[in-house]
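Trainee: structure of the sequence below:
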Amino acid sequence: MSTPPRIFITGVSGYLGGNLVGRLVDKHPEWHHVVLIRNEDQKEIVLARWPQLEVVIGDLNNSALMIEEGAKANVVLRKYSIFETQEKFADASCRSRICRPHSRCHGTYPRIE
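Mentor: Okay, the predicted model is just below:
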């Protein structure tokens, strides 16, 4: 049996990210879901809803953390506010190879069913 994919998701405390995580957990409970949370208060709320998630505390401004977690993931789903530091994160992730050779940093993304 193969190892389940590791999915790293940002923005889980928001509307889009929260709905995405809910659907992924319901449809693929066998996957290893890792979520980025800003603080302990949000961690408690998220784990109360989805106790099976692995939680990483930090934010998008922590490039080292984004690189570390992105490098461990098979898939990175970046769901965050347009007002966040999108360009900084996108640039850092692409330069540091968070986006692996088989994926794209800009353009189309794989459909998860």
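Trainee: and the spatially closest residue to residue 7 that is not a sequence neighbour, how far from residue 20?
Mentor: Counting by C-beta to C-beta, 6 or more residues apart in numbering, residue 75 is the residue found nearest to residue 7 once chain neighbours are left out, at 4.9 Å. C-betas here are computed from N, CA, C, even on glycine. For residue 75, the distance to residue 20 equals 12 Å [C-beta to C-beta, to the nearest Å].
Trainee: do a quick rundown of the strands in the chain.
Mentor: 6-10, 32-37, 54-57, 75-78 (DSSP state E).
Trainee: any weak-confidence spans in the chain?
Mentor: For the chain, applying pLDDT under 70 flags the ranges 1, 79-113.
Trainee: which stretches of it form helices?
Mentor: Counting by DSSP state H, the chain has helices at residues 15-27, 40-49, 63-72, 86-95.
Trainee: got CSV for the ones you listed, with distance to residue 55 and mean neighbour count too?
Mentor: CSV is the format used below for the helices of the chain (distance: least, C-beta to C-beta, whole Å; neighbours: other C-beta atoms under 10 Å):
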stretch, distance to residue 55, mean neighbour count
helix 15-27, 11, 15
helix 40-49, 5, 13
helix 63-72, 11, 17
helix 86-95, 19, 15
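Trainee: pretty sure residue 18 sits against residue 9.
Mentor: No. At 9.9 Å, residue 18 does not count as touching residue 9 under the criterion of C-beta atoms under 8 Å.
Trainee: what is the burial count for residue 38?
Mentor: Using other C-beta atoms under 10 Å, residue 38 has 12 other residues around it.
Trainee: quick one, what contacts it?
Mentor: When the contact criterion is C-beta atoms under 8 Å, 6 or more residues apart in numbering, the partners of residue 38 are 13, 57-59.
Trainee: before we move on, what about residue 35?
Mentor: 8-10, 12, 17, 21, 46, 53-56.
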